[in-house]
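Q: show me how the following folds:
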Amino acid sequence: MAMVNSYTGFMPTPDRTSLDAIVEAARDLLEHDGLAGVTMNAVAHRVGVRAPSLYKRVESRDRLIQLVAEATLTDLNSRLGVEQSVAEIANIFRAFGLERPAAFQLVLTPAAGTPVADASYRIASTEAILHSAGQLAGEEFALEAARTVVAWSTGFITMELNGSFQLGGDVDRAWEFGVARIVEALAARPV
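A: Prediction:
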C-alpha cells in the first residue's frame with residue numbers, strides 16, 4: 001500500500017532506489033552539468049523518484065555533495081596501491097583527473113563553502129602517496145615529498161582541464177618532464 005504525504009501525494013516505497021544509485025546519479029550529473037547541476041530534483045529525476053523521496057536516504061544537498069566527494073576518493077583509492085612508484089601514482093592521478101574532471105576538482109580544489117569528504121576518506125587517500133614518497137625521499141621527508149607531488153600534479157592537471165596551456169607544445173611531454181624532474185629532486189635527499 002502506498003503512503004500519502006502532504007508534499008507529493010503518493011510516495012514511492014523506500015526500496016525504490018538506493019543510496020548507491022543516488023550517489024552514482026549525482027556523480028554523473030556532476031560530470032555532465034557541473035556542481036550547480038547536482039540538485040535534489042535532478043538526482044531524483046535521474047533515479048526515477050520524486051525529490052522529497054531522496055530525503056529518506058540523504059538529508060540535504062550538502063550531504064549529497066559530501067557523499068559524492070567520498071565516493072570519488074574511494075574510486076581514486078581503488079586505483080592506487082602502496083607498492084606503486086611516485087611516477088605511477090602521479091600518472092594514475094592525472095588519468096583520473098582527465099576521466100572525471102569535475103569530481104577531481106571537487107576533491108582537490110573545492111570552492112570555499114563546498115562540502116568536502118569526511119577526514120577519514122581524505123586521510124585514506126594519502127596512504128599510497130605517503131608510502132611511495134617516503135620510499136623515494138626518506139621517511140623523515142615523506143609528508144613534504146607527498147605534498148610536493150600532489151600540489152604540482154593538482155596544479156598541472158587543473159591547468160590542463162581549464163585549457164590554460166596555450167603556448168603550444170606537447171602537454172603530455174611537459175607532464176612527463178615534470179614528473180621526472182620531481183622524482184629526481186625528491187630522490188636527491190636533503191643533507
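
Q: got the contact list for the closest residue to Met40 other than its chain neighbours?
A: Here the nearest residue to Met40 in space, its sequence neighbours aside, is Ala51; by C-beta to C-beta, 6 or more residues apart in numbering that works out to 4.7 Å. Every C-beta, even on glycine, is put in place using the N, C-alpha and C of the backbone. If a contact means C-beta atoms under 8 Å, 6 or more residues apart in numbering, then Ala51 has 40-41, 43-44 as its contacts.

Q: what about Ala51, distance to Val58?
A: Ala51 sits 11 Å away from Val58, going by C-beta to C-beta, to the nearest Å.

Q: ditto for Arg189
A: For Arg189, the distance to Val58 (C-beta to C-beta) stands at 47 Å.

Q: look at these two and report which has more neighbours.
A: Neighbours of Arg189 and Val58, each counted by other C-beta atoms under 10 Å, are more numerous for Val58; the result is 19 against 12.

Q: thought the more buried one was touching Ile22?
A: Yes. The pair Val58 and Ile22 qualifies as a contact (C-beta atoms under 8 Å) at a distance of 6.1 Å.

Q: average model confidence for the helix or strand where Gln105 lies?
A: Here Gln105, judged by DSSP states H and E, is contained in helix 101-108. Averaging pLDDT along helix 101-108 yields 95.

Q: equivalent analysis for stretch 63-77, please.
A: In this model, stretch 63-77 has a mean pLDDT of 95.

Q: was I right to think Gln66 contacts Ala117?
A: Yes. Taking contact to mean C-beta under 8 Å, the distance of 6.4 Å between Gln66 and Ala117 places them in contact.

Q: which of the two has more neighbours?
A: More neighbours surround Ala117 than the other of Gln66 and Ala117, with 23 against 18 (other C-beta under 10 Å).

Q: that one: what's it in contact with?
A: Neighbouring residues of Ala117 by C-beta under 8 Å, 6+ apart: 66, 69-70, 72-73, 107.
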